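Enquirer: below are the sequence and a predicted model for it; my questions follow.
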Amino acid sequence: MNLSSTTVEARDGTRLNCWRQAPETADEAVLFVHGSITNARALLATPVAGDESYSWLNAAADRGRAAYALDIRGYGDSDLPPEMDEDPQANGPPVRADQAADDVADAVATVRADYDTVHLVGVSWGCHTCGRFVERDDPELASLTQVAPVYKPRYDFSEGMDALGLDSVDVAWYTQDRATVRERQGSDDALFEAIWRAQVESNQGVDETTYKAQTGALADWRASCEGDPAWDPAAIDVPTLVVRGTEDVIADRPGSLDHFDELTVDTADYVEIDGADHYLMHSDRRQDFFAVVDGFQGRVR
């Protein structure tokens, strides 16, 4: 099964990129949605040379599902919002969760054209965008998985900004440079190189040492830290799995448990993966993590 890309046309004409990996025998699909800084390929179809074990799309496809990973506008190979071609100081955050939820909705509709059964998975800011979509549109989904939801975390947002080396989210976009990201990421060389190449070789790339990201996701993170998240778990009406790693300092345990406790849907599970951090799909426990999500999806189908 080869990784390919397909185009989703958003309702406003924006061209959205969606990665796809699927066995010919698939009779259901799963759509993955990335987080705030990285894009779909870097996070979800990570192209580590000679090692497919880091690709969640590959793992899902191996288990028999058609696997899709959407680049929200402003990320990966999707169109950039016009604000990202202007001086960052000229505009505020351009893509907040509600608009990104439109992109998720349009991608779900595209996938549903081929598959009646669709599962949805959000990661980090993807929990904000997918949560907002499910709450707002009440779509027909087989399940929702919220990975590292960053829901009403107990720390101050300024701590997260300091970790990224940023001063403000009240601009349209910001840059990340190779040396800073390498020091912060702390992963092995092959994994870092794969993630980095997927970033700078996409529409987010500025040059070989720099890429840019829009600030709407960070503004949503700030709102969640201030007790005003983009979505209400109590309004979600599909079977829901909440997953975090025990070493995740971004999606902290109190906030993640709050998210789970506020769910009112009949079928809901909460799982922690011991030893994993915010990026469970890149951790040493990634195969266990993939199996947990797959097991939930298989059970509630």
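Expert: Sure, I can see it. Fair warning: this is a prediction, and the values are worked out from it, not measured in the lab.
Enquirer: where's the spatially most central residue of the chain relative to Phe296, distance?
Expert: The residue lying closest to the centre of the chain (CA atoms, centre = their mean) is His34, at 1.9 Å. Counting by CB to CB, to the nearest Å, the separation of His34 from Phe296 is 20 Å. Yep, even glycine has a C-beta here, placed from its N, CA and C like the rest.
Enquirer: thought Pro23 was touching Arg63?
Expert: No: assessed by CB atoms under 8 Å, Pro23 is found out of contact with Arg63, at 9.1 Å.
Enquirer: ok, those two, which is more surrounded?
Expert: Arg63 (18 against 14; other CB atoms under 10 Å).
Enquirer: isn't the more buried one up against Gly295?
Expert: No: the pair Arg63 / Gly295 is not scored as a contact, 9.7 Å apart, by CB under 8 Å.
Enquirer: need the pLDDT of the nearest residue to Arg178 once chain neighbours are set aside.
Expert: Excluding its sequence neighbours, the residue lying closest to Arg178 (CB to CB, 6 or more residues apart in numbering) is Thr209, at 4.5 Å. Note on Thr209: pLDDT of 96.
Enquirer: ok, Thr246 - how many residues close by?
Expert: Thr246 has 12 neighbouring residues, counting by other CB under 10 Å.
Enquirer: I'd like the numbering to begin with 44 instead of 1 from here.
Expert: That works, and once the first residue is 44, the last one we named lands at Thr289.
Enquirer: how near is it to Val177?
Expert: On the measure of CB to CB, Thr289 and Val177 end up 26 Å apart.
Enquirer: how about the helices in the chain?
Expert: In the chain, the helices defined using DSSP state H lie at 83-87, 99-105, 140-155, 168-180, 200-207, 221-228, 232-243, 259-268, 296-305, 329-343.
Enquirer: in CSV: those helices, plus mean neighbour count and mean pLDDT.
Expert: CSV is the format used below for the helices of the chain (neighbours: other CB atoms under 10 Å; pLDDT from 0 to 100):
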stretch, mean neighbour count, mean pLDDT
helix 83-87, 28, 98
helix 99-105, 23, 98
helix 140-155, 22, 98
helix 168-180, 26, 98
helix 200-207, 14, 86
helix 221-228, 13, 86
helix 232-243, 18, 95
helix 259-268, 24, 97
helix 296-305, 18, 98
helix 329-343, 18, 98
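Enquirer: format those helices as JSON lines; extra columns: distance to Ala191.
Expert: Formatted as JSON lines, those follow (distance: least, CB to CB, whole Å):
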{"stretch": "helix 83-87", "distance to Ala191": "11"}
{"stretch": "helix 99-105", "distance to Ala191": "13"}
{"stretch": "helix 140-155", "distance to Ala191": "15"}
{"stretch": "helix 168-180", "distance to Ala191": "7"}
{"stretch": "helix 200-207", "distance to Ala191": "13"}
{"stretch": "helix 221-228", "distance to Ala191": "16"}
{"stretch": "helix 232-243", "distance to Ala191": "16"}
{"stretch": "helix 259-268", "distance to Ala191": "12"}
{"stretch": "helix 296-305", "distance to Ala191": "8"}
{"stretch": "helix 329-343", "distance to Ala191": "11"}
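Enquirer: out of the ones you listed, which is closest to Leu187?
Expert: Among the helices of the chain, helix 168-180 comes nearest to Leu187, with 5.7 Å by CB to CB.
Enquirer: other SSEs contacting that closest one?
Expert: With contacts defined as 3 or more CB pairs under 8 Å, 6 or more residues apart in numbering; DSSP states H and E, the packing partners of helix 168-180 are strand 72-76, helix 140-155, strand 161-166, strand 186-190, helix 259-268.
Enquirer: of these, which approaches Gly208 most closely?
Expert: helix 259-268 (12.4 Å).
Enquirer: determine how far the closest one lies from the middle of the whole chain.
Expert: Put simply, helix 259-268 sits 14 Å off its chain's centre (CA atoms, centre = their mean, to the nearest Å).
Enquirer: tell me the helices and strands packed up against that helix.
Expert: helix 140-155, helix 168-180, helix 200-207.
Enquirer: turn the ones you listed into CSV, including distance to Ala72.
Expert: Supplementary listing: the helices and strands packed on helix 259-268 in CSV, determined by distance: least, CB to CB, whole Å:
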stretch, distance to Ala72
helix 140-155, 5
helix 168-180, 15
helix 200-207, 33
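Enquirer: for those helices, which one sits closest to Gly229?
Expert: helix 200-207 (12.3 Å).
Enquirer: tell me the angle of that closest one relative to helix 221-228?
Expert: On the basis of axes from the mean of the first three to the mean of the last three CA atoms, to 10 degrees, helix 200-207 is oriented at 120 degrees to helix 221-228.
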